[in-house]
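>>> A predicted structure for the sequence below; I have some questions about it.
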Amino acid sequence: MNRLLVVDFETTGSHPRQGDSIIQIGAVAIDDGQITESFSTLIHPGQDIPPFITQLTGITNEMVADAPSLEEVFPDFLRLLDGRAFVAHNASFDLQFLQEALLSQGYYAFDGYVLDTVELSRVLLPMQNSYRLGELASELEIEHDNPHQADSDALATAQLFLHLLDILKKLPLVTIQRLQMLVSSFRSDIEVLLRTIEMEKLIELPELDGTPTETDSSDMWDVYRQLALRKREEKATASLKRPHFDATMTKAFADQLEDVLGENGHMQAKMSGYQRRDAQEAMMHAVYEAMEDGAHLLVEAGTGTGKSLAYLLPGIIWAHHNQQQLVVSTNTIQLQEQLFHKEIATLQESLPFSFTASTLKGRGNYLCLRKFEQAVDEPVEGSSQEMRLVKGQMLTWLTQTVTGDVEELSMPPSGQLLWQQVKSDTSSCLNRACPWFSRCYYFQAKERARDVDVLIVNHALFISDLQAENRILPPYEVAIVDEAHHLEDAATQHLGKQFSTTQLLFLLDRASVEESGAIARFAEELQSWMPAVKEDVAAKLLELRKQSAALREKAQQWTQLLYAWASDRAEETTDAGRETVRYRIESFVGKHEKIRKVTKKLIEGMTAYASSIEQLLRTTPQEEKPPFAVRSLLTDLFGLIKDWQTAVELLHFFLLEQDAEYVYWMEVESRTARKQVHLSAALLKVAESLAEPLFAQKRSLILTSATLTVKNSFSYIKSQFGLDQLPEERVRTLSLPSPFHYEEQGLLLIPSDFPAPGKESDHTYLEAVIQGCVDVVLASKGRTLILFTSHSMLRLVYQAMKERLAEAPEPYTLFGHGIDSNNRSKLVRLFRSMERSVLLGTSSFWEGVDIQGEWLSSLVIVRLPFAPPNHPVYQGRAELLKAEGKNAFMSLSLPQAVLQFKQGVGRLIRHHLDRGVVIVLDTRVVESRYGRSFLQSLPPFQIESGPWPTLRERIEPFLSMQSLSDS
């Protein structure tokens with residue numbers, strides 16, 4: 001496979017058999033690993049080019065008016081293709097147009113080799129965030145000046161293919177051979193390419209004298225048990241917690257700060273464009289003093305303060321002075337990675353002393369090599385193509401990763417099924433008896449976490465450590481909690497309990513007696529090792545099959561009963577499309593008593609089945625040490641039994657013996673064909689779970705966020721964390737304004753003549769919202785983010801806006817969360833890539849979206865973000881407050897909504913040169929008594945309220961004013 005033709009077609013659409021035609025051909029020939037020739041031409045399609053294709057490709061009807069027909073240019077193209085493999089990015093698309101063109105011109109269909117660079121990229125670049133050609137070209141520094149033009153796309157694809165070929169040739173032979181076993185059913189002919197590379201490597205193998213070749217260099221790979229891993233680096237420099245001394249430790253903090261931030265400081269030299277900020281340095285001093293004095297500190301730092309640096313720098317200096325480890329917790333794994341790879345990396349270059357840092361995540365984020373070995377050793381037959389592809393990705397990933405962290409891996413959604421099978425867990429771990437122990441990713445991460453000076457975790461792990469009585473993280477005295485407004489939600493989730501019918505089915509599948517399951521494989525290995533137990537094992541397998549069938553029937557009956565009961569009573573639909581109902585077991589009376597009876601029968605069946613599995617495992621002879629395959633499966637199956645026991649305990653907890661300290665609810669899937677039920681329970685009082693084990697025990701906690709205050713008061717957030725239970729002198733607060741000039745950069749408009757927020761069925765209200773959003777988009781020329789509190793409302797507005805904007809003189813592109821994609825990052829990327837684009841989002845878009853500059857000019861808040869009053873957690877906590885004589889709306893609902901509102905408004909002005917308009921379509925913000933709580937909690941925007949026809953005329957002139965940089 002040394003002669004290839006890389007091809008890209010631009011077309012009028014996606015369906016050649018329905019009349020779509022080629023409008024441009026780009027082709028690049030590769031011979032023996034070198035680009036040798038190229039071909040490019042526009043083609044007259046014999047039809048008009050749709051406007052959206054022109055917008056995508058830049059190819060107009062005028063450009064192809066005098067272009068040759070396909071019939072005229074096709075012979076030249078086919079001469080290039082003759083005797084070559086066909087290569088394309090998403091080859092199935094281009095191949096269908098090629099085959100249709102060949103047939104229409106009277107040629108035979110193409111029957112040569114086909115290679116898809118998307119498929120190859122997924123296998124060989126498993127850590128890429130995206131496999132779109134433009135993103136790959138940018139990441140790999142491939143020149144790609146004119147995306148969606150065939151000549152540029154073909155050349156970029158050719159260079160991408162050569163890059164992938166280089167990666168492939170550098171892979172160890174064992175990985176190439178393992179991959180070959182997986183790719184036989186792939187859409188393209190990767191197997192042929194792998195076979196070619198394998199033959200080249202076999203020819204290069206050393207002669208009998210044993211001289212190693214570069215291909216098999218032991219410096220690059222750790223080949224063990226037929227898997228090739230990237231060789232681990234030697235341990236990093238010893239941690240600074242070990243006894244040592246350097247001159248910086250005697251300096252006062254202010255002097256050290258000047259050494260780093262001053263005119264001739266390390267930061268100026270290492271960080272291009274760094275500017276000192278008063279608010280940032282005030283926060284640095286407050287953080288250091290709180291740690292030094294053993295106090296807790298709440299810091300609200302406005303957008304642009306630079307709070308990451310403002311807490312990391314003093315925290316690291318304090319930890320360095322005091323020979324302590326610093327723990328930093330962020331809300332998400334993505335923020336965790338950003339801190340580690342960006343801010344920490346900058347400080348490691350900027351501080352006058354060295355320090356080590358690492359991340360630690362929950363155990364389930366790390367690959368178990370023993371389980372993965374079992375997974376790739378399973379027969380390929382019967383495995384789906386997607387599952388094989390994910391295994392192929394992981395094989396390549398092992399040669400690249402040093403962490404084994406799933407966050408590095410860009411898997412398709414179906415890959416999660418495999419991940420559940422191969423992730424690390426406690427119940428099935430062999431610990432030091434595992435042959436992979438010295439290479440175990442999780443234990444190495446734990447070891448790094450113990451040794452480093454700065455440990456970065458996420459809130460989920462931070463809370464889990466409290467729940468596990470500090471047995472997960474190394475002992476620590478000081479910690480920094482970023483995005484601290486999420487800490488209560490994280491505690492609510494991770495101190496609560498969950499179970500679902502999906503989990504039950506997954507357990508049943510894991511305990512399947514089918515040939516590919518662990519039980520059948522264990523029986524086969526056991527019988528192979530000890531033929532004497534063959535009959536006993538066969539009898540036990542037969543009994544298990546009977547029990548399994550009966551248990552599945554009980555599980556199905558249980559699911560149907562719960563689904564029917566919850567569906568009839570659901571009061572709220574979440575953004576994920578789940579219908580929610582709060583319940584207590586007292587609800588299951590009368591004709592619904594059957595739910596409890598079926599639950600008891602299900603528990604009895606699960607207990608009996610687990611007992612039968614255990615009896616099968618006990619047939620393993622004790623007098624001899626079993627082979628590794630038997631021991632490994634034994635451990636997995638005993639782990640499965642533990643998981644079954646946990647499931648039984650959860651069924652008791654949810655449906656038979658409830659705890660008064662929790663609120664319980666069910667959610668049913670309303671958008672899927674499969675009937676799924678999710679059971680959840682949350683602690684009513686989270687503050688008590690944080691106050692004693694965290695704030696009362698630790699020396700100093702720094703809690704920071706851009707949104708901690710309501711009307712400039714920290715009272716609400718203190719009560720949520722239980723900080724109001726501590727002595728006053730132990731809790732400090734600091735509120736720092738943003739350095740941005742909001743009074744000049746931002747305008748906030750509130751229409752006074754809009755109808756009061758009503759139900760989606762209220763036509764007058766819905767029409768006002770739709771037209772208001774359209775008005776904003778037209779005045780802003782797109783560049784608009786619209787925030788909703790309801791996904792159903794978003795869908796209604798999206799559809800109506802799409803119809804109305806289609807009549808505008810200029811084309812507009814709408815992107816709707818849950819409509820065009822569920823992936824927030826993808827939607828933001830698409831929004832930024834198109835002119836006159838509009839992004840409609842729900843809950844997750846109210847924060848964490850950072851769109852700087854001209855890409856975002858207007859922000860519409862459709863409705864104040866109050867939590868649904870019938871959400872079970874809110875209901876339970878509101879009842880508790882009422883019982884204590886408090887007003888639930890003022891004590892809970894309003895503060896939560898204000899903090900969320902502040903987060904939403906904060907999406908607009910992200911840089912000192914940004915300029916934008918916020919439009920709040922909810923008149924309650926000016927008409928209600930509590931409305932001032934929202935406005936008084938915001939930065940000092942220009943605020944105007946009045947008739948909408950007057951206000952909308954303010955948008956375009958404000959956005960057209962000279963930017964601050966030119967004034």
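Alright, I've got the coordinates.
>>> What sits closest to A888 if chain neighbours are left out?
With sequence-adjacent residues excluded and distances taken as C-beta to C-beta, 6 or more residues apart in numbering, A888 is closest to A878, at 3.6 Å. Where you see a C-beta, it was placed from the backbone N, CA and C, and this is true even at glycine.
>>> Per-residue pLDDT of the one you found, please?
On the pLDDT scale, A878 is placed at 94.
>>> helices and strands around whichever helix or strand it is part of, which ones?
Using DSSP states H and E, A878 sits in helix 872-883. The helices and strands touching helix 872-883, judged by 3 or more C-beta pairs under 8 Å, 6 or more residues apart in numbering; DSSP states H and E, are strand 578-582, strand 662-669, strand 677-683, helix 888.
>>> Beyond the shortest one, next helix or strand please.
The reference is to helix 888. Heading C-terminal from helix 888 (DSSP H and E), you reach helix 894-905.
>>> List the first helix or strand encountered after that following helix toward the C-terminus.
strand 916-920.
>>> Show me how far that next one is from its chain's centre.
29 Å (C-alpha atoms, centre = their mean, to the nearest Å).
>>> and the next element down the chain from that strand?
Past strand 916-920, the next helix or strand by DSSP H and E is helix 924-927.
>>> Any chance you could give me the next helix or strand after that following helix in CSV, C-alpha atoms only?
Going down the chain from helix 924-927, the next helix or strand is helix 931-935, by DSSP H and E. What follows is helix 931-935, C-alpha atoms only, in CSV (Å, rounded to 0.1, in the frame of the first residue of the first chain):
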residue,chain,number,x,y,z
GLY,A,931,-36.0,42.2,42.4
ARG,A,932,-33.5,44.6,43.8
SER,A,933,-31.6,41.7,45.3
PHE,A,934,-30.6,40.7,41.8
LEU,A,935,-29.6,44.1,40.6
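>>> coming back round to it: buried ones in the helix holding A878?
872-878, 881 (16 or more other C-beta atoms under 10 Å).
>>> Mean neighbour count, distance to I943 and mean pLDDT for the helices and strands packed on helix 872-883 - can I get that in a markdown table?
Putting the helices and strands packed on helix 872-883 into a markdown table (neighbours: other C-beta atoms under 10 Å; distance: least, C-beta to C-beta, whole Å; pLDDT from 0 to 100) gives the following:
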| stretch | mean neighbour count | distance to I943 | mean pLDDT |
| --- | --- | --- | --- |
| strand 578-582 | 20 | 36 | 85 |
| strand 662-669 | 22 | 38 | 92 |
| strand 677-683 | 21 | 37 | 94 |
| helix 888 | 18 | 29 | 94 |
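>>> In CSV, list these along with distance to D636.
Below are the helices and strands packed on helix 872-883 laid out as CSV (distance: least, C-beta to C-beta, whole Å):
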stretch, distance to D636
strand 578-582, 32
strand 662-669, 30
strand 677-683, 26
helix 888, 48
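>>> Relative to D219, which of those is closest?
strand 677-683 (49.6 Å; C-beta to C-beta).
>>> Centre of the chain to the closest one, how far?
The answer for strand 677-683 is 22 Å, by C-alpha atoms, centre = their mean.
>>> now swap in stretch 817-830 and tell me
Distance, centroid of stretch 817-830 to centroid of chain: 12 Å (C-alpha atoms, centre = their mean).
>>> For it, which residues meet the burial criterion?
In stretch 817-830, counting by 16+ other C-beta under 10 Å, buried: 817-820, 827-830.
>>> Give the partner strands of the helix or strand hosting V223 in its sheet and their orientations.
Applying DSSP H and E as the criterion places V223 in strand 221-224. According to DSSP bridges, strand 221-224 forms sheet pairs with strand 227-230 (antiparallel).
>>> L42: what's it in contact with?
For L42, the contacting residues are 23-24, 59, 63-64, 67-68, by C-beta atoms under 8 Å, 6 or more residues apart in numbering.
>>> Equivalent analysis for Q658, please.
Residues near Q658 by C-beta under 8 Å, 6+ apart: 584-585, 664.
>>> That one should be in a strand, yeah?
No: counting by DSSP: H, G, I helix; E, B strand; the rest coil, Q658 is located in no strand; its state is coil.
>>> Domain boundaries for this protein, per the record?
3-170, 252-356+688-736, 498-683, 742-960 (automatic domain parsing).
>>> looking at those domains, which is closest to V192?
Once the domains of the chain are compared by C-beta to C-beta, domain 3-170 is nearest, at 5.8 Å.
>>> Give me the average confidence score over that closest one.
Here the average pLDDT along domain 3-170 is 93.
>>> Same question for stretch 317-332.
For stretch 317-332, mean pLDDT is 94.
>>> ends of it, how far apart?
25 Å (C-alpha to C-alpha, to the nearest Å).
>>> List the buried residues for it?
317-322, 324-331.
>>> follow-up on the earlier one: quick check: the residue nearest to A888 touching L894?
No: the pair A878 / L894 is not scored as a contact, 11.8 Å apart, by C-beta atoms under 8 Å.
>>> ok, residues contacting the strand holding V223?
Contacts for strand 221-224 (C-beta under 8 Å, 6+ apart): 172, 174, 228-232, 399, 436, 439.
>>> Would you mind putting the residues you listed into JSON lines with neighbour count and distance to V452 alongside?
Formatted as JSON lines, the contacts of strand 221-224 follow (neighbours: other C-beta atoms under 10 Å; distance: C-beta to C-beta, whole Å):
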{"residue": "P172", "neighbour count": "21", "distance to V452": "30"}
{"residue": "V174", "neighbour count": "19", "distance to V452": "33"}
{"residue": "A228", "neighbour count": "21", "distance to V452": "28"}
{"residue": "L229", "neighbour count": "22", "distance to V452": "22"}
{"residue": "R230", "neighbour count": "14", "distance to V452": "20"}
{"residue": "K231", "neighbour count": "14", "distance to V452": "21"}
{"residue": "R232", "neighbour count": "11", "distance to V452": "16"}
{"residue": "T399", "neighbour count": "22", "distance to V452": "25"}
{"residue": "W436", "neighbour count": "19", "distance to V452": "23"}
{"residue": "R439", "neighbour count": "18", "distance to V452": "20"}
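>>> Restricted to helices, list the residues you listed.
Applying DSSP state H to the contacts of strand 221-224, the entries found in helices are V174.
>>> quick check, nearest of the contacts of strand 221-224 to K625?
K625 has its nearest neighbour among the contacts of strand 221-224 in W436, at 18.1 Å by C-beta to C-beta.
>>> Count the neighbours of the closest residue to Q96 other than its chain neighbours for me.
Distances taken as C-beta to C-beta, 6+ apart place P16 nearest to Q96, at 5.7 Å, with adjacent residues excluded. When counting by other C-beta atoms under 10 Å, one arrives at 21 neighbours for P16.
>>> need the contact list for P16.
Counted by C-beta under 8 Å, 6+ apart, P16 has contacts 96-97, 100-101.
>>> Can I get those in CSV including secondary structure and distance to R836?
CSV is the format used below for the contacts of P16 (DSSP: H, G, I helix; E, B strand; the rest coil; distance: C-beta to C-beta, whole Å):
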residue, secondary structure, distance to R836
Q96, helix, 31
F97, helix, 29
E100, helix, 34
A101, helix, 34
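>>> Make CSV out of those and add distance to G404.
Shown next, in CSV, are the contacts of P16 (distance: C-beta to C-beta, whole Å):
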residue, distance to G404
Q96, 39
F97, 41
E100, 45
A101, 46
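>>> Looking at those residues, which is nearest G590?
Nearest to G590 among the contacts of P16, with distances taken as C-beta to C-beta, is Q96, at 59.6 Å.
>>> ok, the closest one to T41 distance?
20 Å (C-beta to C-beta, to the nearest Å).
>>> what's the residue closest to the geometric middle of this protein?
The centre of the chain sits closest to Q334, judged by C-alpha atoms, centre = their mean, with a distance of 7.1 Å.
>>> Roughly how far does that one sit from V299?
Distance from Q334 to V299, by C-beta to C-beta: 22 Å.
>>> show me where the stretch 1-150 of the chain has helices.
51-57, 61-64, 70-81, 91-104, 117-124, 133-139, 150-170 (DSSP state H, counting those that start in this stretch).
>>> This completes my enquiry, with thanks.
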